[in-house]
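Undergrad: sequence first, then the predicted structure, then my questions.
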Amino acid sequence: MSVDVAVEARAIVKSFAGMRALDTVDVEVTKGELCGIVGADGAGKTTLLRCVAGLYRVESGSVLPGRGRRNQVGFCPQGFHLYADLTVDENLEFFGLVYGLEKRTLAQRSEELLRFAGLAEHRSRLAGNLSGGMQQKLTLACSVLHRPPILLLDEPTTGVDPLSRREFWHLIEVLHADGTTIMMASAYFDEVERCEHVVFLHEGHVLADGSVDELTSGNNSLEEAFRQLMSESEAGPSNAEVTK
Amino acid sequence: MSTVVSTSKLTKSFGKQIAVADVSLEVKSGEVYGLIGPNGAGKTTLIRMLCGLFSPSAGEGTVLGFNISLDKARIRERVGYMSQGFGLYGDLTVDENLRFYADIYGVRDADYIAKVRRRLGLEEVASHIVGGLPTGVRQRSALAAALVHRPQLVVLDEPTSGVDPIARDAIWQLVGELVSEGLTALVTTHVMPEAQHCDRLALLAEGSLVAAGTPNELIERSGLKVACIDATPWREAFALIQARWPESALYGTRIHIPVSGHGAEEQAIRDVLEGLEVRSLSWQPPSMEDAFIALVDAAARNQKTF
């Protein structure tokens, strides 16, 4: 793996109950890149992120970081996965201890992240009582406690209102500008257009992979490019893959 | 065009909390009318008053000519309501759910139920358990359940939340077709590019109507333009721009700044980036989301001056 590569999936295969969720997928994300993954339900977005995070063992192929490199990766799963009956502070403390942070480092880092996420004045509230937007920001804070160089986000803004979505994106921009490598699955093209690198997934295959400019050449928008590739792939075997 | 929904100073309080304040709006027959606004803006409360589920605290309104305070039962017979993330039984099949809703509304016409099922492309999944279906198909099934009693108005609360781009497209296309066949649709959404599918929009914030009009009218009313900058090194450029315009955002390695008003903004941007290479600086119309945020901000500022 070249020194500039943060995430590397080589021909990875992953099946569930005999169904191939990922079928020989190759993806490479450069250090510091913001990479968006887009695709329909069941395209394999979540499975890909989970393989990269090391939460799933791949059947064949290789993936980095992958298993056993928990400290390199922060993972924000889809939906609300914090402890609803713990406060904001207690959730940060719990996840900090899971990542093996020392008490003093953890206290310092929690303060930093509470300010970063704009949650300082809500620190004593139960996580279950926060608005959807605040819950997402807390999830993000918990996943970067250990300063991971790679952050994986699974549809982080689904069901979040436009103001909270913008606040959430501001946090992503700060992490991106600081050099964190970010891989994000999203169902929204306006979000994916903000990424330097875009991967279209379809039924476990990479349909296209490149920059927004590369993927939209000849089309008006990323969404149109995606729809066109989808209809071509439904129509027959695809040779439409755009390579980076 | 006849009026399907009309409200005048409609208000709903829960104790001291005012959820909807003095909202006056009109939805015409054959429209897709969108309700947008931040969480807690009062969208769902407003919808529930219009569907005959809540009584207003003050003001008045009619739906399909019926008074929303007095004729709740008649309104419920004529309105199909698809609530957010709720409605279908996950452990029943699509068909069982449709029959259940048909029974509630006293619909005995099996042919019509079959027609709705066909219309919504649910025939192949009719005997599938709802809980195991992809979100897009579940939402289409919920829409079918809201249509079995031949409503004249459908009210859809975030119909595409969590639905993938292709399935989302199918839902909007379906709504468009149903409307062209004579139905009227009232839809809430958090997804601003989707709000542009609506003929007209009402923007609510903190219970009040902040703006109403076509999507393009709202974009124009925001008075914004967006500077699109390609500068290198981009991280440094973004840090400088953010310090001066906190509302700026990154699109890949390009920077967008929503700017209101006129004047020498371009020079100000070049001054901030002095010493860096500005490869390009162009102006774009704002997105629906840019307009949304500007209008909500302006409303919050106005409120503070009173």
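TA: Nice, thanks for sending it over. Numbering: from 1, shown residues only, chains lettered A, B, ... in the order given.
Undergrad: per-domain residue ranges of chain B.
TA: Using automatic domain parsing, the domains assigned to chain B come out as B:3-219, B:224-285.
Undergrad: what is the end-to-end distance of the last one?
TA: In other words, domain B:224-285. End-to-end distance of domain B:224-285 (C-alpha to C-alpha, to the nearest Å): 7 Å.
Undergrad: that older thread, now render the domains of chain B as CSV, adding mean pLDDT.
TA: CSV is the format used below for the domains of chain B (pLDDT from 0 to 100):
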stretch, mean pLDDT
domain B:3-219, 92
domain B:224-285, 88
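Undergrad: closest one to residue A:169 among those domains?
TA: Among the domains of chain B, domain B:224-285 comes nearest to residue A:169, with 6.5 Å by C-beta to C-beta. Placement of C-beta: from N, CA and C, glycine included.
Undergrad: show me the helices in the stretch 151-300 of chain B, by range?
TA: Assigned by DSSP state H, counting those that start in this stretch, the helices in the stretch 151-300 of chain B fall at B:165-180, B:192-195, B:215-221, B:234-244, B:265-272, B:288-305.
Undergrad: highest mean neighbour count out of the ones you listed?
TA: The highest average neighbour count among these, using mean count of other C-beta atoms under 10 Å in any protein chain shown, belongs to helix B:192-195 at a mean of 20.
Undergrad: so which residues make contact with it?
TA: A:162, A:188-190, B:34, B:36, B:160, B:168, B:172, B:189, B:201, B:215, B:287-289, B:292 (C-beta atoms under 8 Å, 6 or more residues apart in numbering or on different chains).
Undergrad: ok, which pair from the residues you listed is furthest apart?
TA: Between any two of the contacts of helix B:192-195, the greatest separation by C-beta to C-beta is 20.0 Å, found for A:189 and B:201.
Undergrad: okay, those two: which has more neighbours?
TA: residue B:201 (26 against 20; other C-beta atoms under 10 Å in any protein chain shown).
Undergrad: secondary structure class for the nearest residue to residue B:51 once chain neighbours are set aside?
TA: Of all residues not flanking residue B:51 in the chain, residue B:81 sits nearest, at 4.8 Å (C-beta to C-beta, 6 or more residues apart in numbering or on different chains). Of the three states, residue B:81 takes strand under DSSP: H, G, I helix; E, B strand; the rest coil.
Undergrad: show me the contacts for residue B:81.
TA: Per C-beta under 8 Å, 6+ apart, neighbours of residue B:81: B:47, B:51, B:53, B:146, B:154, B:155, B:157.
Undergrad: of the residues you listed, which pair is most distant in space?
TA: Greatest spacing in the contacts of residue B:81, by C-beta to C-beta: B:53 and B:154 (15.0 Å).
Undergrad: tell me which of these two has more neighbours.
TA: Ranked by neighbour count (other C-beta under 10 Å), residue B:53 and residue B:154 place residue B:154 first, with 22 against 16.
Undergrad: give me the neighbour count for the closest residue to that one other than its chain neighbours.
TA: The shortest distance from residue B:154 to any non-neighbouring residue, by C-beta to C-beta, 6+ apart, is to residue B:80 (4.3 Å). Residues contacting residue B:80 under the criterion other C-beta under 10 Å number 25.
Undergrad: mind listing what residue B:80 touches?
TA: Residue B:80 touches B:146, B:147, B:149, B:151, B:153, B:154, B:155, counting by C-beta under 8 Å, 6+ apart.
Undergrad: partner strands of whichever strand or helix holds residue A:75, with direction?
TA: Residue A:75 belongs to strand A:73-76 when elements are defined using DSSP states H and E. According to DSSP bridges, strand A:73-76 forms sheet pairs with strand A:150-154 (parallel).
Undergrad: hey, C-alpha coordinates of the strand it pairs with in PDB?
TA: What follows is strand A:150-154, C-alpha atoms only, in PDB (Å, rounded to 0.1, in the frame of the first residue of the first chain):
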ATOM      1  CA  ILE A 150     -10.000   7.600   9.400                       C
ATOM      2  CA  LEU A 151     -13.600   8.400  10.000                       C
ATOM      3  CA  LEU A 152     -16.500   6.300   8.600                       C
ATOM      4  CA  LEU A 153     -20.000   7.700   8.500                       C
ATOM      5  CA  ASP A 154     -23.100   5.700   7.500                       C
END
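Undergrad: how about it: buried residues?
TA: Of the residues in strand A:150-154, those buried under the neighbour-count criterion (16 or more other C-beta atoms under 10 Å in any protein chain shown) are A:150, A:151, A:152, A:153, A:154.
Undergrad: what about that strand, average pLDDT?
TA: Averaged across strand A:150-154, pLDDT comes to 96.
Undergrad: packing partners for whatever helix or strand comes next after that strand?
TA: The helix or strand immediately downstream of strand A:150-154 is helix A:162-177, counting by DSSP H and E. Identification of packing neighbours for helix A:162-177 by 3 or more C-beta pairs under 8 Å, 6 or more residues apart in numbering or on different chains; DSSP states H and E yields helix A:132-143, strand A:181-185, helix B:234-244, strand B:249-251, helix B:288-305.
Undergrad: chain neighbours aside, what residue packs nearest to residue A:132?
TA: residue A:160 (5.5 Å).
Undergrad: sorry, wrong one. I was asking about residue B:266.
TA: Nearest in space to residue B:266, with sequence neighbours left out and distances taken as C-beta to C-beta, 6+ apart, is residue B:281 at 6.5 Å.
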